[in-house]
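Asks: Sharing a model that was predicted from the sequence below.
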Amino acid sequence: PGPVATARDRLVKYLDGDDNGTVVLMEVDPDTIGTIIGKKGANAKRLQSAHDVKIDTLTSRAKIRIYGTDAAKVAAAKAEISKSLEKVEVTSVVTIGPEQIAAASLVTAAAVADIGLQYG
């Protein structure tokens, strides 16, 4: 194949994972991505350092991409993330309205509703 086809194939493997295990996509609950990344990225940095991999979040696709040059290290990082997610349980999702936001801030409910209409 030509250079364009080769580049396209490499890009697809990077985006969707590859067969040799150096790029892996994990589907995750969007509510757990923060747990995987950690405060100020601490968990992700630790995983990257410990396993010599890179970790990207694909929040809009609810996926985590783990990639590196060694498939065994990528697999180890994936296993550690999977194990940590076994401990996470999303118990509820709370939706709050303008009244609750106003009660927790100095902004009036009418102002919050107005902002929602303009940007919501």
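Replies: Looks like it came in fine.

Asks: Remind me what the host helix or strand of residue 36 packs against, helices and strands.
Replies: Using DSSP states H and E, residue 36 sits within helix 33-37. Helix 33-37 sits against helix 42-51, strand 54-58, helix 71-86, with contacts defined as 3 or more CB pairs under 8 Å, 6 or more residues apart in numbering; DSSP states H and E. Every residue, glycine included, has its C-beta placed from N, CA and C.

Asks: need these in TSV with mean pLDDT and distance to residue 23, can you?
Replies: TSV is the format used below for these (pLDDT from 0 to 100; distance: least, CB to CB, whole Å):
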stretch	mean pLDDT	distance to residue 23
helix 42-51	95	14
strand 54-58	89	10
helix 71-86	90	7
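
Asks: any chance of these in a markdown table, plus distance to residue 26?
Replies: Written out in a markdown table, the entries for the helices and strands packed on helix 33-37 read as follows (distance: least, CB to CB, whole Å):
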| stretch | distance to residue 26 |
| --- | --- |
| helix 42-51 | 12 |
| strand 54-58 | 10 |
| helix 71-86 | 6 |
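
Asks: mind giving me a markdown table with those and columns for distance to residue 3 and mean neighbour count?
Replies: Compiled in a markdown table, the helices and strands packed on helix 33-37 are given as follows (distance: least, CB to CB, whole Å; neighbours: other CB atoms under 10 Å):
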| stretch | distance to residue 3 | mean neighbour count |
| --- | --- | --- |
| helix 42-51 | 31 | 16 |
| strand 54-58 | 25 | 17 |
| helix 71-86 | 26 | 16 |
